[in-house]
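> Return a 3D structure for these sequence lines:
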Amino acid sequence: MLFTTVAALLFPVAVMTAPTRKPVTKEGECTPVTLTLTEYVVAEAASYTYISFNAQSQYIANSPADDVLRSGVNCEVDGVTIPTGDVQCNIGGHRIEDLTFQLTDTSGGRGYKLDHTWQCDGETWTSSTDVFFDVLSCETSWDSTNGRVVECSAQPEIVKPQGIHDKKAASNKNITDDKTHHGKNTTHSVGAKVLPPPAHPKHDTL
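Coordinates of the predicted model:
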């Protein structure tokens, strides 16, 4: 028994503890880690322009985010001229409001702004991300309807979402700022010059 006690004193056992993991924040759970853009194609002819690419969002494991982009969506537009405003992307040909894109580089149809909306933890989240496709190759063809057609493609792009906002949190901040603003007005009014009450007329004593 004595030997055991002495041994314990001479040779203390080091207790190894596992490093504490940094807890995942609400924003970390609710916001996409990346957006992956694939199958980018832009075709131009004298009578029309066609743009198409696919978009998919990636989250951390077990994220509660309700986002249609997790399964992937398609973004495309064509016409004589490409609209300068927001264009809704689609799932199976059905337009959705969850992701819109806007052409920002009119010189070659390679720069876009993606506006993304999704739900998480009972709140609405948004992001606005600028992307630019690095076009790798272009091919020229001819047909009887459109004449000369130039079709270009690009490698997949993986981007980090930008300009992320939680609409509910932003709304609460506006309310707080508004209350603070009114509070300052109240403070200023307290410090303002206070006028004395009007003097009552004197009555002669009978």
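> any idea where the strands of the chain begin and end?
Ranges of strands within the chain are 34-44, 49-58, 73-79, 87-91, 94-103, 111-120, 123-132, 135-143, 147-154, 157-159, 165-166, based on DSSP state E.
> Return the list of strands paired to the first one, each annotated with direction.
For strand 34-44, the pairing partners within the sheet under DSSP bridges are strand 49-58 (antiparallel), strand 147-154 (antiparallel), strand 157-159 (antiparallel).
> Residue 139: neighbour count?
By other CB atoms under 10 Å, 10 other residues sit near residue 139. For the C-beta atoms, the positions are set from N, CA and C on the backbone; glycine is no exception.
> got the contact list for the residue lying closest to it once chain neighbours are set aside?
Nearest residue to residue 139, sequence neighbours excluded (CB to CB, 6 or more residues apart in numbering): residue 151, at 5.4 Å. Residue 151 makes contact with 41-44, 138-141 under the criterion CB atoms under 8 Å, 6 or more residues apart in numbering.
> Kindly report the same for residue 150.
43-45, 138-140.
> And the strands of the chain: which comes nearest residue 64?
Nearest to residue 64 among the strands of the chain is strand 111-120; the distance by CB to CB comes to 5.9 Å.
> Kindly format the C-alpha coordinates of the closest one as CSV.
Extracted as CSV, the C-alpha positions of strand 111-120 are listed here (Å, rounded to 0.1, in the frame of the first residue of the first chain):
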residue,chain,number,x,y,z
GLY,A,111,-19.7,38.9,-65.0
TYR,A,112,-22.9,38.4,-62.9
LYS,A,113,-24.4,39.4,-59.5
LEU,A,114,-26.3,36.5,-57.8
ASP,A,115,-29.0,37.4,-55.3
HIS,A,116,-29.8,34.4,-53.1
THR,A,117,-32.6,34.0,-50.5
TRP,A,118,-33.2,31.1,-48.1
GLN,A,119,-34.8,30.2,-44.8
CYS,A,120,-33.0,29.0,-41.6
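> mind putting the strands of the chain in TSV, mean pLDDT and distance to residue 28 included?
Below are these laid out as TSV (pLDDT from 0 to 100; distance: least, CB to CB, whole Å):
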stretch	mean pLDDT	distance to residue 28
strand 34-44	96	13
strand 49-58	96	13
strand 73-79	95	23
strand 87-91	97	25
strand 94-103	96	21
strand 111-120	97	11
strand 123-132	97	12
strand 135-143	91	34
strand 147-154	95	30
strand 157-159	97	18
strand 165-166	90	12
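> Reformat these into TSV and put distance to residue 25 next to each item.
Below are the strands of the chain laid out as TSV (distance: least, CB to CB, whole Å):
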stretch	distance to residue 25
strand 34-44	17
strand 49-58	17
strand 73-79	27
strand 87-91	28
strand 94-103	23
strand 111-120	12
strand 123-132	13
strand 135-143	37
strand 147-154	34
strand 157-159	21
strand 165-166	12
